[in-house]
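[1] Here's my sequence, what's the structure:
(chains A and B)
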2 protein chains.
Amino acid sequence: MIVVLAGGVGAAKFLQGFSRVLEREDLVVVANTGDDLELFGLHISPDLDTIMYALAGLVDQDRGWGLKDDASNFLSMMNKYGLDTWFRIGDKDLATHVLRTSLLRKGLTLSEVTERLCSALEVEHRILPMTNDPVRTKVETSEGTLDFQEYFVKREFQLDVRGVIFEGSDSARPNPDVLEAIDESRGIVFAPSNPIVSIGCILSIERIRDAIRRSKAKKVAISPLIGGKAIRGPADKMMSGLGLEQSSLGVASIYRDLVNTFIIDDEDRQLAGPIERLGMRVVVANTLIKTLDSKMKLGEIVLGELAE
Amino acid sequence: MIVVLAGGVGAAKFLQGFSRVLEREDLVVVANTGDDLELFGLHISPDLDTIMYALAGLVDQDRGWGLKDDASNFLSMMNKYGLDTWFRIGDKDLATHVLRTSLLRKGLTLSEVTERLCSALEVEHRILPMTNDPVRTKVETSEGTLDFQEYFVKREFQLDVRGVIFEGSDSARPNPDVLEAIDESRGIVFAPSNPIVSIGCILSIERIRDAIRRSKAKKVAISPLIGGKAIRGPADKMMSGLGLEQSSLGVASIYRDLVNTFIIDDEDRQLAGPIERLGMRVVVANTLIKTLDSKMKLGEIVLGELAE
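    Here you go, the predicted model:
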């Protein structure tokens, strides 16, 4: 069994390739739920959805998130009702939120709901929310403390970041299936996701972090930065805002003591030495995975490292 | 002030004309909520919606219900999730249900929610749910007791009707604004809606029925049957199933002691005598109101009767 710690779009792209090169091996994805939000009374889990849609072959490839061939009639009507519609929800996508919300209200856990949705969409691999308890990522900015989605989507991550809080993560119990998967895994992969708010949020649950640290499995991380820039999203800005080095070396420092192998992009090959000095093996590869072919190639490399 | 007791499509068509011939007079629509349902955790009020959409100029004219230019991406995805999608919800339409549900969960009454939705859609006239308490119409059929929508939409009203139950109507408190409107009105109109489940459900709330009976206002009813057939929906079948005469005379008997004037279609002119013998004034007119012109003409006739 291989466990992948995952955020949203970056992880989903990686998983589209990785899931294809795994031959009949169990893949368990542990997804961040700190970006979850309640909107119009609906429980939305953006990272769970992005990964589920990607593994179901239904994701909108251009955006990297949401469902393909979707429309926004619902939002246009919400707009007519005078509601703020900065968070983009597609009409088909809405089915996921409505169904999840209704099942949660019936008393199912987020994990049970995810399993049911995945099964209906014929997703072969398991996707586990990191916890069934509420954890909400907040971003301290120059304009006050904002919910993550407010900072990320509404304000388009243009505000200076001064701090990040994972509200609820101290008391959140890890999803027991996550601990079990980590214990049984022969490899743990840190997907090319935001190390602060995506992977960082998963690791903020101490028992998950401890289980990973204790695990004898091979641990491989893929840097989400290339040339100091995030391929997508605010990872670079957040890192510099928090006083961390805005580069793959900075990401490697965050994962220090947690991973054995760190994969950086060809463009960052000059960082190999400094990262090795943190005690990691470094692999240089193409991490800008736009095509299925390049996604599968990166997947093969990760698989090779786990087998070492 | 004029009060119109209303069900769904038939009432909405009438109101499209009636609202246009009223010159600056207050129109208050009292809508049936017995057809309401909870689906996918959403509170749906079909009659309130149909009337609101019609008065907002947004109704789909062909179907007579739902929003024009709507789509069904949401339902197609719900279908993919394996859910039964016999109840048709449009993508834009869904905004109404999601917003209503979220406002109800916040503690607003159905009446307050309706007012807020209507105001956002710039509906000039007041639409009042008959009650803010749950009343659910059940239909006793040859295949057991069904929720109204299950009988009406899912089973396309093909089952024999043996009885109708307005669950909760004994304990439901009338919407206080309804009683106030009835007390202050100079005219009460029974829209051409199903006399059993639409108008009948409103009248099943005893204090509303009493207020109407006691009112000194002129009371005018429009028959929803032409030549013994319902223009739309199951009124005719339900009446015969319940042992009532399946004709405008049968409808008139139901409204006996409640209305002064009964309007029947030209085609039913031979029923004028028998209906008059029930103690009502009878007006013969075109009640098959497909065009705006014919809707307004019928509206003028009703207005004339109220002025008598």
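
[2] How about the residues of chain A by chain B?
    Residues of chain A lying close to chain B (CB under 8 Å from any CB of the partner chain) are A:40-42, A:67, A:70-71, A:73-78, A:80-83, A:90-96, A:98-99, A:101-102, A:105, A:117, A:120-121. Where C-beta positions appear, they are placed from N, C-alpha and C, glycine not excepted.

[3] For the biggest helix by length in chain A, which helices and strands make contact with it?
    Taking DSSP state H as the assignment, the helix of chain A that covers the most residues is helix A:292-307. For helix A:292-307, the contact count by 3 or more CB pairs under 8 Å, 6 or more residues apart in numbering or on different chains; DSSP states H and E identifies helix A:9-21, strand A:187-190, strand A:218-222, strand A:261-265, strand A:281-285 as packing neighbours.

[4] Rebuild these as a markdown table, extending it with mean neighbour count and distance to B:A235.
    Output for the helices and strands packed on helix A:292-307, formatted as a markdown table (neighbours: other CB atoms under 10 Å in any protein chain shown; distance: least, CB to CB, whole Å):
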| stretch | mean neighbour count | distance to B:A235 |
| --- | --- | --- |
| helix A:9-21 | 23 | 53 |
| strand A:187-190 | 28 | 64 |
| strand A:218-222 | 25 | 66 |
| strand A:261-265 | 24 | 70 |
| strand A:281-285 | 18 | 71 |
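
[5] so which of those comes closest to B:D266?
    helix A:9-21 (64.7 Å; CB to CB).

[6] With just CA atoms, put that closest one into PDB.
    Provided in PDB are the C-alpha atoms of helix A:9-21 (Å, rounded to 0.1, in the frame of the first residue of the first chain):
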ATOM      1  CA  VAL A   9      -4.900  20.700  -8.000                       C
ATOM      2  CA  GLY A  10      -1.200  19.900  -7.800                       C
ATOM      3  CA  ALA A  11      -1.900  16.600  -6.000                       C
ATOM      4  CA  ALA A  12      -4.700  15.700  -8.400                       C
ATOM      5  CA  LYS A  13      -2.400  16.200 -11.400                       C
ATOM      6  CA  PHE A  14       0.200  14.000  -9.900                       C
ATOM      7  CA  LEU A  15      -2.300  11.400  -8.900                       C
ATOM      8  CA  GLN A  16      -3.700  11.200 -12.500                       C
ATOM      9  CA  GLY A  17      -0.300   9.800 -13.500                       C
ATOM     10  CA  PHE A  18       0.700   8.000 -10.400                       C
ATOM     11  CA  SER A  19      -2.600   6.000 -10.200                       C
ATOM     12  CA  ARG A  20      -1.900   4.800 -13.800                       C
ATOM     13  CA  VAL A  21       1.600   3.500 -13.100                       C
END
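
[7] and the angle for it with helix A:292-307?
    80 degrees (axes from the mean of the first three to the mean of the last three CA atoms, to 10 degrees).

[8] Who are the packing partners of helix A:9-21?
    Looks like helix A:9-21 contacts strand A:2-6, strand A:27-31, helix A:46-55, helix A:292-307 (3+ CB pairs under 8 Å, 6+ apart).

[9] Count residues in the vicinity of A:P129, would you?
    By the criterion of other CB atoms under 10 Å in any protein chain shown, A:P129 has 27 neighbours.

[10] can you tell me how far it sits from B:F74?
    Noted for A:P129: a distance of 24 Å to B:F74, by CB to CB, to the nearest Å.

[11] picking up where we left off before, pipe the helices and strands packed on helix A:9-21 into a markdown table and attach mean pLDDT per row.
    A markdown table is the format used below for the helices and strands packed on helix A:9-21 (pLDDT from 0 to 100):
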| stretch | mean pLDDT |
| --- | --- |
| strand A:2-6 | 98 |
| strand A:27-31 | 97 |
| helix A:46-55 | 98 |
| helix A:292-307 | 96 |
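
[12] Relative to B:S240, which of the ones you listed is closest?
    Using CB to CB, the helices and strands packed on helix A:9-21 put helix A:46-55 closest to B:S240, at 50.4 Å.

[13] With only the CA atoms kept, save the closest one in PDB.
    Output of helix A:46-55 as PDB, limited to C-alpha atoms (Å, rounded to 0.1, in the frame of the first residue of the first chain):
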ATOM      1  CA  PRO A  46     -12.500  21.500  -2.400                       C
ATOM      2  CA  ASP A  47      -9.500  19.200  -2.100                       C
ATOM      3  CA  LEU A  48     -11.500  16.000  -1.700                       C
ATOM      4  CA  ASP A  49     -13.600  17.000  -4.700                       C
ATOM      5  CA  THR A  50     -10.700  17.900  -6.900                       C
ATOM      6  CA  ILE A  51      -9.000  14.600  -6.200                       C
ATOM      7  CA  MET A  52     -12.200  12.600  -6.600                       C
ATOM      8  CA  TYR A  53     -13.000  14.300  -9.900                       C
ATOM      9  CA  ALA A  54      -9.500  13.700 -11.100                       C
ATOM     10  CA  LEU A  55      -9.400  10.000 -10.200                       C
END
